[in-house]
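>>> all I have is the shape, not the residue letters:
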């Protein structure tokens with residue numbers, strides 16, 4: 001085993017204080033080398049500051065490459081990668097804040113890269129920070145390694161061959177903070193696999209207390225949207241890879257990843273993909289796509305709806321009607337099959353039946369302008385009053401909390417999709433609750449505890465801006481599917 005490591009300065013996880021950042025970097029480097037075990041040959045440090053380390057430490061060669069502050073994380077990584085030997089069979093990449101605290105990382109993180117029926121392209125350890133499957137508090141089954149769709153740039157080990165195929169990290173400012181998301185999407189699109197190894201743990205320490213002075217704010221989401229055509233984040237990078245595969249026509253791999261991850265959030269993307277095939281008259285390809293989806297999902301409502309659209313394109317209206325009705329029976333509150341039944345009724349000249357179906361579809365999905373326009377047109381023909389779009393209800397999730405850092409990620413994850421505004425009122429936490437809440441998208445406010453629960457609760461309610469309020473405690477959990 002010939003392993004080299006790159007420790008790079010991460011501006012998005014820095015408080016801008018040079019002395020403390022150098023101290024973090026030194027501790028990270030020492031922990032990396034002391035817990036490597038056999039096989040680590042060289043460590044390349046890429047920082048905008050000096051670090052006081054001997055050139056040879058425990059038989060490992062240490063080299064410093066310098067870049068000025070203002071450079072991106074990708075630039076710091078790439079500067080060091082230029083010096084990585086082509087003979088390196090594995091390369092560890094980590095940020096200056098990643099301190100190894102458990103396990104001899106090298107053997108444990110590299111074994112899944114080279115052994116097994118389908119070796120992984122990259123692996124990562126558990127983290128003390130709530131980042132996807134790498135968070136040590138996330139639920140996992142079995143002994144691992146656990147396949148995932150994301151690894152944090154704070155610590156990942158890549159097979160040398162895979163890294164050479166991937167090339168450089170993105171250096172553009174528009175992807176600042178999201179370099180790892182971009183890299184993982186590229187790995188998945190190329191057919192690679194990622195895994196978390198539970199026998200190694202890394203501490204990142206507390207997040208920066210203030211964003212002041214950061215050369216790169218976390219604006220990577222918009223950069224990903226520009227590059228890949230959608231908005232990706234920690235909750236959706238797996239589906240993002242699947243969408244990328246659909247965009248380049250790699251349907252079978254997209255379906256395979258969907259089955260592997262049980263990624264229900266991409267069904268609409270498959271619908272759009274198959275819909276595009278039908279609109280362009282590519283019926284044979286659409287038939288093949290629906291067959292693959294049927295193998296993966298069975299006769300779920302969205303598959304039946306697609307089969308109905310295919311039957312309609314093949315001029316089989318009765319078969320189309322049967323598929324739409326069966327889809328509606330399986331998903332009674334899902335609008336598309338009801339809308340499609342309404343469109344079939346229009347083609348048959350049954351306008352009143354069509355109007356009733358389209359009204360029902362519109363009530364289930366008031367944001368569908370095409371359905372609204374159809375209703376207006378039918379209403380004029382049948383002399384019905386103009387349809388008025390009801391206002392969309394919005395929900396503010398209000399929570400008061402103290403020292404709930406362990407509970408917050410799982411709680412908010414279960415409620416994700418059930419609220420439009422997240423308000424957390426902190427009453428004196430000392431465990432990083434406000435920082436974790438902000439990372440989860442909360443508007444954080446502070447309230448001095450007065451031994452009066454109702455005062456704190458009323459203060460949180462006063463910050464709500466939506467039409468409805470959902471009051472939640474950090475130890476509450478919403479059952480799967482409850483957000484809908």
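Received, thanks. Since we're looking at a predicted model, the values are computed, not measured. Residues are numbered from 1 along each chain as shown.

>>> which stretches of the protein form strands?
Taking DSSP state E, the strands of the chain run over residues 3-8, 40-47, 56-57, 60-66, 90-95, 99-102, 122-127, 146-148, 155-159, 194-203, 395-401, 421-426, 443-446, 468-471.

>>> by mean pLDDT, show me the worst of these.
Least confident of those, judged by mean pLDDT, is strand 56-57 with a mean of 74.

>>> against which helices or strands is it packed?
The helices and strands touching strand 56-57, judged by 3 or more C-beta pairs under 8 Å, 6 or more residues apart in numbering; DSSP states H and E, number zero. (C-beta placed from N, C-alpha, C; glycine too.)

>>> how close does the residue nearest to residue 393 when sequence neighbours are not counted sit to residue 96?
Spatial nearest neighbour of residue 393, excluding adjacent residues (C-beta to C-beta, 6 or more residues apart in numbering): residue 467 at 5.3 Å. Using C-beta to C-beta, to the nearest Å, we find residue 467 at a distance of 45 Å from residue 96.

>>> more neighbours: which of the two?
Comparing residue 467 with residue 96 by neighbour count (other C-beta atoms under 10 Å), the higher total belongs to residue 96, at 28 against 12.

>>> would you check that that one makes contact with residue 21?
Yes: contact criterion C-beta atoms under 8 Å: residue 96 and residue 21 qualify, at 6.6 Å.

>>> and the strands of the chain as TSV, adding mean neighbour count and distance to residue 73?
Listed next are the strands of the chain as TSV, based on neighbours: other C-beta atoms under 10 Å; distance: least, C-beta to C-beta, whole Å:
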stretch	mean neighbour count	distance to residue 73
strand 3-8	26	6
strand 40-47	22	9
strand 56-57	12	24
strand 60-66	16	14
strand 90-95	26	7
strand 99-102	18	18
strand 122-127	28	16
strand 146-148	18	21
strand 155-159	26	13
strand 194-203	22	17
strand 395-401	23	31
strand 421-426	23	27
strand 443-446	14	26
strand 468-471	15	37
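
>>> okay if I get those as JSON lines plus distance to residue 166?
Below are the strands of the chain laid out as JSON lines (distance: least, C-beta to C-beta, whole Å):
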{"stretch": "strand 3-8", "distance to residue 166": "14"}
{"stretch": "strand 40-47", "distance to residue 166": "18"}
{"stretch": "strand 56-57", "distance to residue 166": "29"}
{"stretch": "strand 60-66", "distance to residue 166": "20"}
{"stretch": "strand 90-95", "distance to residue 166": "11"}
{"stretch": "strand 99-102", "distance to residue 166": "24"}
{"stretch": "strand 122-127", "distance to residue 166": "9"}
{"stretch": "strand 146-148", "distance to residue 166": "17"}
{"stretch": "strand 155-159", "distance to residue 166": "8"}
{"stretch": "strand 194-203", "distance to residue 166": "12"}
{"stretch": "strand 395-401", "distance to residue 166": "39"}
{"stretch": "strand 421-426", "distance to residue 166": "35"}
{"stretch": "strand 443-446", "distance to residue 166": "37"}
{"stretch": "strand 468-471", "distance to residue 166": "42"}
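
>>> and of those, who's closest to residue 310?
strand 146-148 (32.5 Å; C-beta to C-beta).

>>> next, count neighbours for residue 115.
Count around residue 115 with other C-beta under 10 Å applied: 9.

>>> if I look at it, how far off is residue 123?
12 Å.

>>> and for residue 474?
32 Å.

>>> the strands of the chain: which one's closest to residue 327?
strand 395-401 (28.1 Å).

>>> partners of the closest one in the sheet?
strand 421-426 (parallel), strand 468-471 (parallel) (DSSP bridges).

>>> got the confidence number for residue 154?
pLDDT at residue 154 comes out at 87.

>>> need the contact list for it.
Counting by C-beta atoms under 8 Å, 6 or more residues apart in numbering, residue 154 touches 10, 13, 94, 95, 97, 98, 127, 129, 131, 202, 204.

>>> how about residue 199?
Contacts of residue 199 by C-beta under 8 Å, 6+ apart are 102, 103, 108, 144.

>>> the last one contacts residue 196, doesn't it?
I take that to be residue 144. Yes: with contact defined as C-beta under 8 Å, residue 144 counts as touching residue 196 (6.7 Å).
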